[in-house]
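**Q** heads up, no residue letters with this:
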C-alpha cells in the first residue's frame, strides 16, 4: 500500500475525512481543511502559501493541528455544514488559480493546535495530501507572510460568498430580474478590512447617491473662501440630503458652478476618492436622472474619507446624513438592533434603487463598531410600477444589510 493510501485510511479511522465523505450528523459543526501530512514542516510551509492567497482575515484562523500522528491545516470556523461547503468552494477557486490544492469541508474536532515554529520555512517545494483527493501537488516556494493590498481585497470570502449566494437565490425566486445588475461593498473600520467587493468598479447610475458628492464640492468652495455656508445654504443642504429634494440639489449645484464644476472639483482635488464619478446633469424636474454615474468603489472610498474627516465639510455632511429620514440599511432590517447609528443617503428612480451609509453597531462592552455598506440595484429598463419595484428592491438591500450585520456581530461578539 502506498504512503498516500495509508494517510487516507488513517484520516478515515480518526474522522478527518471531509463532510462529503462522512455521514451528516445533525448539530455538528464544520471547519475547512486544506492539507494533511506526516511532516509538520511541510504543513507549516503550506500554511504560508494559503494565507498569502486568502488574506489576513482568514489567516488569523488558519491553524496547524495534529491528530493521530498527522498534521493538518484547518480554517477553524465552527459553522454549519452548508456554510463550510460554501467557504471551501470559494477558497478552492482562489487556491486552484494559484496552483494549490482545493479545500474541503471537515467536521470540527477538538484539534490539538501546534504553535508556530520560530523563523521562516524556506523549503523549495512540498508534496501535499488533501483528504478528499488521491492526488498530490507540487507547491512552489511560499511568498512572504506579509499581505498585500490585493490580498486584502479578497478578505472575508465567507461573507462575500454568502452575499453572492443570496443574490443568486433572489434571481431564482424572481426577486431580481434578468435586466437588473447589482453592486455591493462592505468595509469594517474596526479591523480595516474590505469584506465585500462585488462589481465595485462598475459604473452605475448615481441617482440621489450623487448628492453627498455635490455637498463635498460645495464645502470645498466654502473652505477656499469662494462660498459662505449660512442659514440659507444650510437649509438647502438639509433639504438636499435629508429630504433628497431635487430643487435644492440644483440650487447647490448652481452655486458650485454647475454639474461639470462639481465633477472638476472632485476629480482635481480629491482624485484618490473620485476615480469613476461623472456629474453631467442637473436633476430633471421629473426626477429621472440617469446620466450622472459613479462606481461602488467611489462610494466606498467617499464613506471611508468621510468617516476619517478627509472630505471638506465632513462633520457637517455626517450630521446631514444622520438626520431622520428614509433608509434601506437600518429601517426594516429586523436583525439590526435599536441603538445602531446610521449615516446614509438613498437613491431612487424607476431604474435605480440604492443606499450607501455608515452604520455604527454597539457591542456588549459598550464599544462602537463602525462599518460601511454600499448597495446598488440598477435596472436596464424602467420599472412599470415604480412604487412596488422600489419597495421590493429596497427590501433586497435590507436583506443584505441583515447579512452584513450578522457577520459584523459574529466578528466582534456584539
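**A** Arrived safely. Just so it is clear, the model here is predicted, and its values are computed rather than measured.

**Q** other SSEs contacting the helix or strand hosting residue 358?
**A** Per DSSP states H and E: residue 358 is located in strand 352-362. Applying 3 or more Cβ pairs under 8 Å, 6 or more residues apart in numbering; DSSP states H and E, one finds that strand 352-362 contacts strand 203-205, helix 296-307, helix 314-322, strand 341-348, strand 368-379, helix 386-412. Backbone N, C-alpha and C define where each C-beta goes, glycine included.

**Q** buried ones in it?
**A** 352, 353, 354, 355, 356, 357, 358, 359, 360, 361 (16 or more other Cβ atoms under 10 Å).

**Q** what does stretch 164-173 give?
**A** So stretch 164-173, judged by 16+ other Cβ under 10 Å, has buried residues 164, 167, 170.

**Q** quick one: secondary structure of the residue nearest to residue 167 when sequence neighbours are not counted?
**A** Ranked by Cβ to Cβ, 6 or more residues apart in numbering and with sequence neighbours excluded, the top spatial neighbour of residue 167 is residue 182, at 6.1 Å. Here residue 182 is recorded as strand under DSSP: H, G, I helix; E, B strand; the rest coil.

**Q** beta partners of residue 182?
**A** In this entry, residue 182 is beta-bridged to residue 377, by DSSP bridges.

**Q** From what I see, it and residue 166 are in contact.
**A** No. With contact defined as Cβ atoms under 8 Å, residue 182 does not count as touching residue 166 (10.5 Å).

**Q** what about residue 344, distance to residue 353?
**A** Distance, residue 344 to residue 353, by Cβ to Cβ, to the nearest Å: 14 Å.

**Q** repeat for residue 365
**A** For residue 365, the distance to residue 353 - Cβ to Cβ - is 36 Å.

**Q** before we move on, what about residue 384?
**A** In terms of Cβ to Cβ, residue 384 sits 15 Å off from residue 353.

**Q** Mean pLDDT per helix and strand in this structure: which one sits at the bottom?
**A** strand 136-139 (a mean of 33; mean pLDDT, DSSP states H and E).

**Q** In contact with the closest residue in space to residue 330 that isn't next to it in sequence: list those residues for me.
**A** In space, and not counting its chain neighbours, residue 330 is closest to residue 342: 4.7 Å by Cβ to Cβ, 6+ apart. Residues near residue 342 by Cβ atoms under 8 Å, 6 or more residues apart in numbering: 322, 327, 329, 330, 357, 358, 359, 360.

**Q** Now the two most distant members of those.
**A** 327 and 360 (13.5 Å; Cβ to Cβ).

**Q** No further questions, thank you.
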